[in-house]
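J.: sequence first, predicted coordinates after that:
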Amino acid sequence: MENVMSNSSGAKADLATVEAALSTLDEAKPTAIRNAAAFTEWRVKHDALDAERERLNELIVTLEHEEREAKAAADAVALRERYDECRAANQKLAARIRSDLKKANAILVALLRDAAQADIATGAVNAQLPDGLEPLVPPETIARTRAGLPRQDLTSKRTWLWTTEGGMLIGDQDSVRDYGGGRGRIGQGSYTTLCHLALYDEVEFHPEEPAQRPHSLWQMRLVGASGPHYEYDGTRCNHPHDVLAELARGEIAAEPRERPIEIELRPVPTLDEAKHESIKSPPAGTVIS
């Protein structure tokens, strides 16, 4: 057995060995008590193993405590490492957010301005069109509208189907009892419905899909790259002219501004009030006589 134990798992294995030896020794006790010398030898071995068991139990408690402390210390070091890594990554990503947002906003602001000006110009031209000229389509509509699709027949075949005397198609064709000659019935007694076969064209097709107009580009919102403001807020815009006004507002809001200066008046305590306050709350270590 090792003289120095460094982990609780090894101590637990040794404890299991000692307890097994004690169990074997207990089984030998009835034989040992028949002879004084044998019993003395048995007692010495039993006491030694019992003492070793006590030592190992206490050692396991100590080692487990040390292992918990070591694990806590290792976890603290690992957490600090993750903390430092995460902080560095956050700083790096923050710089990228500012940089990439600034680039993206510059592109989108220019696009918004051009699209709004094009909408205004298109509307002005369309308002003065003579007969025979189709209205101009705004560039965003050209770029982003999803064109509609016409119906497209795929297959067609003729088939006989059961209908009522009034021409209504029977939903459950298998429920009709065929009496021949294109005649049939469903139901019984007073609930009987007379049926007859009618010829139908069964057509498999893609249905027509209407055109889908996009939401206007200038309804978007652009968050500021250098602060919590919106560089552009399209929710305030209902017309292309509003877009230009909102873009101008965003440019003004982005300009550096002087911090406001305010004035506050506070009453100054009298000497008596100040002395009374100092006596009521003396500094630590002050002796009041």
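T.: Arrived safely.

J.: every contact and neighbour count from this point should use C-alpha atoms.
T.: Fine.

J.: buried residues, stretch 229-242. List them.
T.: In terms of neighbour count (16 or more other Cα atoms under 10 Å), stretch 229-242 has its buried residues at 231-234, 237, 240.

J.: helices - which of the residues you listed land there?
T.: Members of the buried residues of stretch 229-242 lying in helices (criterion: DSSP state H): P240.

J.: from the buried residues of stretch 229-242, pick the one nearest A124.
T.: Checking those against A124 by Cα to Cα gives P240 as the nearest, at 12.0 Å.

J.: how close does that closest one sit to G180?
T.: Noted for P240: a distance of 71 Å to G180, by Cα to Cα, to the nearest Å.

J.: for K12, same thing?
T.: For K12, the distance to G180 - Cα to Cα - is 91 Å.

J.: more neighbours, the two?
T.: Shown here are K12 and G180; by other Cα atoms under 10 Å, K12 has more neighbours (15 against 9).

J.: that one against I60, yeah?
T.: Yes - using Cα atoms under 8 Å, K12 makes contact with I60 at a distance of 6.9 Å.

J.: intersection of neighbour lists for those two?
T.: Common neighbours of K12 and I60 (criterion: Cα atoms under 8 Å, 6 or more residues apart in numbering): none identified.

J.: now do the strands in the protein.
T.: 152-164, 177-180, 183-186, 193-206, 221-223, 230-233 (DSSP state E).

J.: how far off centre is the last one?
T.: This points to strand 230-233. Strand 230-233 sits 25 Å away from the centroid of its parent chain (Cα atoms, centre = their mean, to the nearest Å).

J.: could you list the paired strands of that strand along with their orientation?
T.: Strands that pair with strand 230-233, judged by DSSP bridges, come out as strand 221-223 (antiparallel).

J.: which residues touch the strand it pairs with?
T.: 105, 229-235.

J.: count of residues packed around L56?
T.: Number of residues near L56 (other Cα under 10 Å) recorded here: 21.

J.: surely it and A16 touch.
T.: No - L56 is beyond contact range of A16, at 9.8 Å (criterion: Cα under 8 Å).

J.: neighbours of the closest residue to W42 other than its chain neighbours, just the number please.
T.: Among residues not flanking W42 along the chain, A32 sits closest, at 6.5 Å (Cα to Cα, 6 or more residues apart in numbering). Close neighbours of A32, defined as other Cα under 10 Å, add up to 18.

J.: residues in contact with E202?
T.: 156-159.

J.: between the residues you listed, which sits nearest E165?
T.: T159 (18.0 Å).

J.: tell me what the closest one is bridged to.
T.: Y200.

J.: my guess is it meets V203, correct?
T.: No - judged on Cα under 8 Å, T159 makes no contact with V203 at a distance of 10.4 Å.

J.: which residue comes closest to R158 once chain neighbours are left out?
T.: That would be D201: by Cα to Cα, 6+ apart, it lies 4.5 Å from R158.

J.: roughly how far does that neighbour sit from P207?
T.: To P207, D201 is 17 Å away according to Cα to Cα.

J.: quick revisit: show me the contacts for the residue nearest to W42.
T.: With contact taken as Cα under 8 Å, 6+ apart, A32 is in contact with 38-39, 42.

J.: ok, it to A20 distance?
T.: Using Cα to Cα, A32 is found at 18 Å from A20.

J.: go on, I186?
T.: For I186, the distance to A20 equals 86 Å [Cα to Cα].

J.: and these two? which has more neighbours close in?
T.: A direct count of neighbours by other Cα under 10 Å for I186 and A20 places I186 higher, at 19 against 12.

J.: so what's that one up against?
T.: Residues near I186 by Cα under 8 Å, 6+ apart: 175-177, 192-195.

J.: alright, that wraps it up for me.
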